[in-house]
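J.: Provided below for reference: sequence and predicted model.
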Amino acid sequence: MNGSVTADQYDAIVIGTSQGGRFLPVDLAKAGQRVALVERGQLGGVCVNTGCTPTKTMVASARLAYQARRGPEYGVRVGPVSVDLAAVRERKRAMVAGARENYASRLAQDGLDLIEGEAHFTGPHTIEVALSGGGTRQLTAPVIVIDTGTRPKPLEIPGAAAVPVLDSTSIMELDEVPEHLIVLGGGYIGLEFGQMFRRFGSSVTVVQSAARLLMLEDDDVSDEVAGILRDEGITVLTSSAALEVEPAGDGLRLTVRTADGVEQLEGTHLLSAIGRVPNTEALTLEAAGVRLDDRGFVEVDEYLETSVPGVYAMGDVKGGPAFTHLSYDDYRILRANLLLQEKASVRDRIVPYAVFIDPQLGRVGITEREARTRGRAIRVAKLPMSAVVRAIETGETRGFMKAVVDADNGQILGCAVLGAEGGEIMTIIQVAMLGNLPHTALSNAILTHPLLAEGLNTLFALLDN
Ligand SMILES: Cc1cc2nc3c(=O)[nH]c(=O)nc-3n(C[C@H](O)[C@H](O)[C@H](O)COP(=O)(O)OP(=O)(O)OC[C@H]3O[C@@H](n4cnc5c(N)ncnc54)[C@H](O)[C@@H]3O)c2cc1C
Ligand SMILES: NC(=O)c1ccc[n+]([C@@H]2O[C@H](COP(=O)([O-])OP(=O)(O)OC[C@H]3O[C@@H](n4cnc5c(N)ncnc54)[C@H](O)[C@@H]3O)[C@@H](O)[C@H]2O)c1
């Protein structure tokens with residue numbers, strides 16, 4: 001900070017507008033504090049602009065195309081199905097614009113100053129903002145919250161600079177369906193986009209460096225997901241390292257080392273979905289003394305406080321699972337501690353998530369592999385969706401439900417629901433876990449016939465004796 005310039009004094013500064021970054025400053029301001037909220041990009045952060053909202057909007061278009069093609073299976077005549085990607089994009093843009101407007105409207109609050117520009121630290125409790133409209137402002141506060149998120153990890157194989165490499169943001173701006181999309185990465189982003197573009201009409205090849213798709217999941221879950229994607233015509237290569245890429249004709253050629261040797265894949269488009277890196281460089285955190293871990297994420301304790309007292313981090317920038325609902329829960333923790341003087345912590349929180357492939361994968365708690373690695377005595381119940389009446393009636397029988405239960409006390413430790421509305425069904429099990437219900441509560445519950453949830457009776461009844 002320039003010593004001759006006086007910094008504007010606030011009670012709290014929040015850097016970044018995400019789900020959590022929206023509610024925290026509003027709550028602090030409502031409590032009478034003077035709060036600065038700094039944003040260098042578009043209001044709403046990744047979720048609203050380039051993450052959850054646009055992707056799930058486009059996934060809905062892809063599902064409709066898929067269902068329309070299945071019309072004859074249900075006795076419904078439809079003409080040839082094709083996708084107008086420019087129109088899909090328009091729908092997506094409208095959805096994002098609406099979400100962003102809604103976001104902005106909620107920031108109007110006395111005591112809350114929205115400052116547009118890029119923040120960086122000049123000391124432990126001072127920041128400078130390079131204002132979007134030009135010029136700078138110096139701000140200081142006893143409490144500073146870093147909520148700056150992540151961005152796509154750049155692809156660094158030879159030749160990457162010589163071909164257009166799409167990321168999760170730019171792929172949503174295409175206006176024509178790619179002929180052959182090669183997807184690097186078999187995680188959330190790679191699979192959601194891979195299936196989406198297959199349903200839009202592209203040939204799709206997924207190249208995953210790890211031995212399985214969705215590496216954190218149990219083997220049977222990863223294998224079933226791979227089977228579902230292959231059934232839809234997607235080529236899935238695992239244990240495959242992308243070695244180099246070069247332009248070829250109107251597209252590109254990717255050299256890949258697979259288990260069977262070196263292969264060359266020709267595609268028209270390349271999506272890199274190989275993970276994300278934290279937005280920390282621009283913050284000059286060294287000026288504040290805020291410690292980073294060896295991957296560049298901000299280190300926090302269980303109360304989300306960094307190595308500098310009074311400086312906190314929330315959301316993806318602190319590493320660990322990266323979900324909007326976790327950023328929101330970080331907000332809950334900071335609100336409790338900063339406003340209500342509580343000692344809320346991230347310890348023992350149950351983190352659910354859903355992968356929005358179709359059928360969805362809903363997941364919560366520990367996997368079978370984690371339980372066995374920890375040496376826990378467990379029982380595992382597994383039921384194919386083809387045994388669930390509603391799934392049969394609606395023609396959505398792919399996947400399975402799986403639950404891991406403590407063998408001694410019957411408590412549910414985790415589940416994976418890969419099936420129609422898998423995220424919603426997983427949430428029912430999550431609520432049972434939150435209430436510490438034994439599995440018998442679900443096997444004996446009167447559940448409505450014929451809902452998908454009725455399958456929980458059958459799933460947990462598998463453990464009854
Ligand atoms: C394609 C995609 C799909 C996803 N789908 C889902 C999903 O379905 N469900 C789910 O739960 N999660 C999903 N996620 C993850 C989810 O979007 C993130 O977990 C969530 O947005 C994290 O929020 P955050 O608090 O870390 O902040 P972010 O949303 O990352 O926002 C950080 C903000 O900080 C701003 N910023 C950065 N540096 C500075 C600076 N120096 N000065 C000022 N401002 C700065 C950025 O401009 C940005 O607006 C998805 C992510 C992607 C990429
Ligand atoms: N439904 C959701 O909640 C949702 C959706 C999208 C994204 N997200 C969040 O965004 C984060 C980032 O997603 P992501 O899919 O980019 O990351 P990810 O870490 O989930 O998956 C990246 C995958 O790429 C593979 N990989 C790494 N380098 C590679 C290479 N050179 N070639 C081929 N494969 C390679 C890894 O093995 C890994 O499986 C996720 O961790 C998730 O938290 C969530």
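T.: Received, thanks. Note that the structure is a prediction, hence the values are computed from the model and not measured. Residues are numbered from 1 along each chain as shown. Ligands and ions are numbered 1, 2, ... in the order given.
J.: Near Q264, how many other residues are there?
T.: When counting by other C-beta atoms under 10 Å, one arrives at 12 neighbours for Q264. In this view, the C-beta of every residue, glycine as well, is placed from N, C-alpha and C.
J.: And the residue lying closest to P152 once chain neighbours are set aside, how far from L292?
T.: Take P152 and drop its neighbours on the chain: the residue closest to it by C-beta to C-beta, 6 or more residues apart in numbering is D167, 4.0 Å away. Noted for D167: a distance of 23 Å to L292, by C-beta to C-beta, to the nearest Å.
J.: Any residues of the chain in contact with ligand 2? List them.
T.: On the criterion C-beta under 6 Å from any ligand atom, ligand 2 has as its neighbours in the chain the residues 184-190, 192, 207-210, 215, 242, 273-276, 321-323, 353-356.
J.: Which PyMOL command selects the buried ones in the residues you listed?
T.: To isolate the buried subset of those in PyMOL, counting by 16 or more other C-beta atoms under 10 Å, use the following:
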select buried, resi 184+185+186+187+188+189+190+192+207+208+209+242+273+274+276+322+323+353+354+355+356
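J.: Take the residues of the chain next to ligand 2 and keep only those in helices.
T.: With DSSP state H as the criterion, helices contain 188-190, 192 from among those.
J.: so who does G185 touch?
T.: G185 makes contacts with 206-209, 271-275, as judged by C-beta atoms under 8 Å, 6 or more residues apart in numbering.
J.: Which single residue of the protein ends up nearest ligand 1?
T.: Residue of the chain nearest ligand 1, by C-beta to the nearest ligand atom: G149 (1.9 Å).
J.: count of residues packed around that residue?
T.: 24.
J.: and what of V298?
T.: Other residues close to V298 by other C-beta under 10 Å number 25.
J.: what's the residue of the stretch 301-450 of the chain found nearest ligand 2 in contact with, if anything?
T.: Closest contact between the stretch 301-450 of the chain and ligand 2, by C-beta to the nearest ligand atom, is at A322 (3.4 Å). When contacts are counted by C-beta under 8 Å, 6+ apart, A322 touches 150, 276, 315-316.
J.: neighbour-wise, which of those leads?
T.: So for these (other C-beta under 10 Å), the most neighbours sit at G315, 30 neighbours.
J.: Apart from its neighbours in sequence, what residue is nearest that one?
T.: S327 (3.8 Å).
J.: that's a strand at the one you found, yeah?
T.: No. Secondary structure assignment (DSSP: H, G, I helix; E, B strand; the rest coil) places S327 in helix, not in a strand.
J.: what about it, distance to A104?
T.: In terms of C-beta to C-beta, S327 sits 18 Å off from A104.
J.: So which of these two has more stuff around it?
T.: Between S327 and A104, counting by other C-beta under 10 Å, S327 is the more crowded of the two (26 against 15).
J.: So T397: helix, strand or coil?
T.: Classified using three-state DSSP, T397 is coil.
J.: For it, which non-adjacent residue is spatially closest?
T.: S386 is the one closest to T397 (C-beta to C-beta, 6+ apart), at 4.0 Å.
J.: In this structure the one you found contacts I392, no?
T.: Yes. Contact criterion C-beta atoms under 8 Å: S386 and I392 qualify, at 6.7 Å.
J.: Quick one: residues in contact with stretch 346-355.
T.: Residues contacting stretch 346-355 (C-beta under 8 Å, 6+ apart): 188, 191-192, 214, 302-304, 321, 323, 325-326, 329-330, 333, 360-365, 422-423, 426-427, 430, 433-434.
J.: which stretches of this structure have low pLDDT?
T.: Low-confidence regions of the chain, defined by pLDDT under 70, span residues 1-4.
J.: all helices for it, in order.
T.: Going by DSSP H, the chain shows helices at 19-30, 45-49, 52-69, 85-105, 188-200, 219-231, 324-339, 368-373, 389-394, 422-434, 439-443, 455-461.
J.: near ligand 1, which residues of the stretch 51-200 of the chain?
T.: Listed as neighbours of ligand 1 in the stretch 51-200 of the chain under the rule C-beta under 6 Å from any ligand atom: 51-52, 55-56, 118-119, 147-150, 168, 189.
J.: which of the residues you listed has the most neighbours?
T.: D147 (31 neighbours).
J.: got the contact list for that one?
T.: 14-18, 20-21, 45, 313-315, 317, 327.
J.: can you tell me how far the most centrally placed residue in the chain sits from K402?
T.: Using C-alpha atoms, centre = their mean, the residue of the chain that lies closest to the mean C-alpha position is F323, 4.6 Å off. In this view, F323 and K402 are 21 Å apart by C-beta to C-beta.
J.: Same question for Y303.
T.: Taking C-beta to C-beta, one finds Y303 at 34 Å from K402.
J.: more crowded one of the two?
T.: Counted by other C-beta under 10 Å, Y303 and K402 do not tie: K402 has more neighbours, with 22 against 17.
J.: Tell me what the nearest residue to M426 once chain neighbours are set aside is bridged to.
T.: Nearest non-adjacent residue to M426, counting by C-beta to C-beta, 6+ apart: G362, 2.7 Å away. Beta-bridge pairing for G362 (DSSP bridges): A354, V417.
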